[in-house]
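Asker: got a predicted structure here, sequence first:
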Amino acid sequence: MEAKRSVVGAKIRTIRETKGLSIEEIAERSGLAVEQVASIETDEYLPSLGPLIKVARALGVRLGTFLDDNDELGPVVCRREEQEVHSSISFSNDSTEARQNMIYHSLARQKAGRHMEPFVIDIRPDEAPDFKLSAHEGEEFIYVLEGTVEIAYGKTVYRLNQGDSIFYDSIVKHHVHGAPGLAAKILAVVYIPI
């Protein structure tokens, strides 16, 4: 199955235009380059969560707004077959080649007013990870469902296997990726203060 990409860029552009903001204003507010914001909107650049969180904050919306279809005030149940078909999106690992190495399956995309973003993430194997650390406000929790992942956190790299978990402040520069050459699947919950 090929994950959807264009929905994020189109939603960002629509929200920006609705709010009467220019790409330059979003770049200034987010601290990203004008070219980077433009390429995110046109899906030329596959961002990691860090830049998307910065764009969401610059627009004054939740990160989940980029994935939402409808808002539900009550509980949201996400069935496995719905995750796999309707709510996946690919991001890069901010590598120099912008490879699609992570497929995010949102577990609460219709929940209104949420402050946490829960995902199941499929991590594709990569023989030679080439990534940049990024930081953003909030906290992250990761639980390894399958395989082995590495979390670069500051100057330390943590290697986690199936059943291991990590909880960290995402203001510290970090990056999550599969161990070299290995696929993995994780449960990730990202908390972003509003």
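Answerer: Arrived safely, thanks for sending. Numbering: from 1, shown residues only.

Asker: my guess is residue 42 meets residue 9, correct?
Answerer: Yes. With contacts counted by C-beta atoms under 8 Å, residue 42 reaches residue 9, the gap being 5.8 Å. Yep, even glycine has a C-beta here, placed from its N, CA and C like the rest.

Asker: neighbour count winner among those two?
Answerer: Neighbours were counted for residue 42 and for residue 9 using other C-beta atoms under 10 Å; residue 9 has more, 20 against 13.

Asker: and what about the more buried one, helix, strand or coil?
Answerer: Per DSSP: H, G, I helix; E, B strand; the rest coil, the secondary structure class of residue 9 is helix.

Asker: so who does it touch?
Answerer: Residue 9 makes contact with 40-43, according to C-beta atoms under 8 Å, 6 or more residues apart in numbering.

Asker: give me the pLDDT value at the spatially most central residue of the chain.
Answerer: With distances taken as C-alpha atoms, centre = their mean, residue 49 lies nearest the centre of the chain, 3.4 Å away. pLDDT, residue 49: 75.

Asker: for it, phi and psi?
Answerer: phi -60, psi -40 (degrees, to the nearest 10).

Asker: shouldn't it be in contact with residue 190?
Answerer: Yes. With contact defined as C-beta under 8 Å, residue 49 counts as touching residue 190 (6.6 Å).

Asker: tell me what residue 159 is bridged to.
Answerer: residue 150 (DSSP bridges).

Asker: tell me how far it lies from residue 36.
Answerer: 30 Å (C-beta to C-beta, to the nearest Å).

Asker: okay, the two: which has more neighbours?
Answerer: Counting neighbours by other C-beta under 10 Å for residue 159 and for residue 36 shows that residue 36 has the greater number, 18 against 11.

Asker: isn't that one up against residue 52?
Answerer: No. Look at residue 36 against residue 52 with C-beta under 8 Å: they stay out of range, at 11.2 Å.

Asker: so where is the protein shaky, pLDDT-wise?
Answerer: Applying pLDDT under 70 to the chain picks out residues 1-6, 45-46, 67-74, 81-100, 111-112, 127-129, 194.

Asker: ranges for the helices of it?
Answerer: 6-18, 23-30, 34-41, 49-59, 80-86 (DSSP state H).

Asker: of all the ones you listed, which one comes closest to residue 115?
Answerer: helix 49-59 (12.3 Å; C-beta to C-beta).
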